[in-house]
Every structure is written in C-alpha cells, then in structure tokens.
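Colleague: pasted the sequence and its predicted model underneath.
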Amino acid sequence: PEILKEVLRYLRRRKRWQMVMLSFVPLDAQADEQLLQYADELGLSARIKPMYDSAFLPIQGTWEKHVAGLKKSYRKTMRRQEKRLNELGGVRVETLQSPAAVMEALPEALDIERRSWKGDKGSAIACQPDLVGFYSALAQVAAKSGWMRLSFLNVDNERVAFEFAFEY
C-alpha cells in the first residue's frame, strides 16, 4: 500500500495521462480500501477489479460424494460429455515432471495452444519468440527443482490440451 500511495502521489503531480491501469497488484481487502480512500483524498477516480481467482475446487469426502451433491442437470451434462469422450477413444491425464520429459514435450504443448483461438489472435506463447524462451527457461528451472507439472489431457492417445503448472 505504501508503494501504491507513492505511485498515486506521482501520478497526481503529473497531468499528462487519462487513465492508468495497474495490473496484478496483490492486495488484501484492507489495502484495497486504503488505496481507494487515498485516491479519493487526492481527487483521483479509482476502482479495484479482481483479475483472477485460483481455479480451486474444494472437495469434502470422495469424488463420488461430491458429484452426488451437484445439480441433476449438471451431473447429466458430465455423464454425456464423458460418454462422448469415451466414444472418441477414452480419456486420460498424463503428467510429466522430469526435466527431460518436460523439455521434450513443451514444444508440443505450445503448439496445442498455437492451434487454438490464441494462435489466430497472435497471443499464443508460440507466436512470440521471447515468450517461448521465457517459458522454456522457467520450465527447465522448475523441473530441475522438482516443481514443474506439465499435464496433458489425452483423448484417444492424442494430446489435445495441457496445463503448465507448478507444485511447491
């Protein structure tokens, strides 16, 4: 919060801007409130917009018990999707952790992303050589440290989706 106060003071002194967006600033609820209050005191219009929440699904008990507690329509949709995937040849998750396996499979993961809408928009990692270098180096360091998890969703023994993640 103190650093952000200094940023706001600086911005208040400089008048050559219409809007400033500070992304990925980790704040708690108290700091959010302090920042908004301070911006108001300086006569600045400010708002806080959460960017991401962790995709975490807390499950109490077994998976079967969790699924049984879902809405009937959702369970039906899950069964239909599972049936369709099995008709395509079965589904499995493959997780790679060793540095050699991760580095060998990373180009294929990036190619999967490139073939999606991100490739069409030019925002896929594989479309930006600097990002390919960054994620390759990051994967190598994380794999050597035992933190890297490169997981693929395989349908009919073909990798169709992936997750680039760390476990620490």
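Modeller: Nice, I can see it.
Colleague: can you give me the helices for the protein?
Modeller: Taking DSSP state H, the helices of the chain run over residues 2-13, 29-41, 63-68, 72-87, 99-114, 117-121, 129-144.
Colleague: JSON lines for the ones you listed, including mean neighbour count?
Modeller: C-beta here means a position set from N, CA and C on the backbone, and glycine is covered the same way. Formatted as JSON lines, the helices of the chain follow (neighbours: other Cβ atoms under 10 Å):
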{"stretch": "helix 2-13", "mean neighbour count": "12"}
{"stretch": "helix 29-41", "mean neighbour count": "14"}
{"stretch": "helix 63-68", "mean neighbour count": "10"}
{"stretch": "helix 72-87", "mean neighbour count": "11"}
{"stretch": "helix 99-114", "mean neighbour count": "16"}
{"stretch": "helix 117-121", "mean neighbour count": "12"}
{"stretch": "helix 129-144", "mean neighbour count": "14"}
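Colleague: how close does Leu36 get to Leu8?
Modeller: 11 Å (Cβ to Cβ, to the nearest Å).
Colleague: anything in contact with each of the two?
Modeller: By the contact definition Cβ atoms under 8 Å, 6 or more residues apart in numbering, Leu36 and Leu8 are jointly contacted by Ala46.
Colleague: quick revisit: got the helices of the chain as a markdown table, with distance to Leu153 and mean pLDDT columns?
Modeller: Formatted as a markdown table, the helices of the chain follow (distance: least, Cβ to Cβ, whole Å; pLDDT from 0 to 100):
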| stretch | distance to Leu153 | mean pLDDT |
| --- | --- | --- |
| helix 2-13 | 39 | 82 |
| helix 29-41 | 36 | 83 |
| helix 63-68 | 17 | 90 |
| helix 72-87 | 9 | 91 |
| helix 99-114 | 10 | 97 |
| helix 117-121 | 17 | 90 |
| helix 129-144 | 18 | 94 |
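Colleague: fine by me, we can end here.
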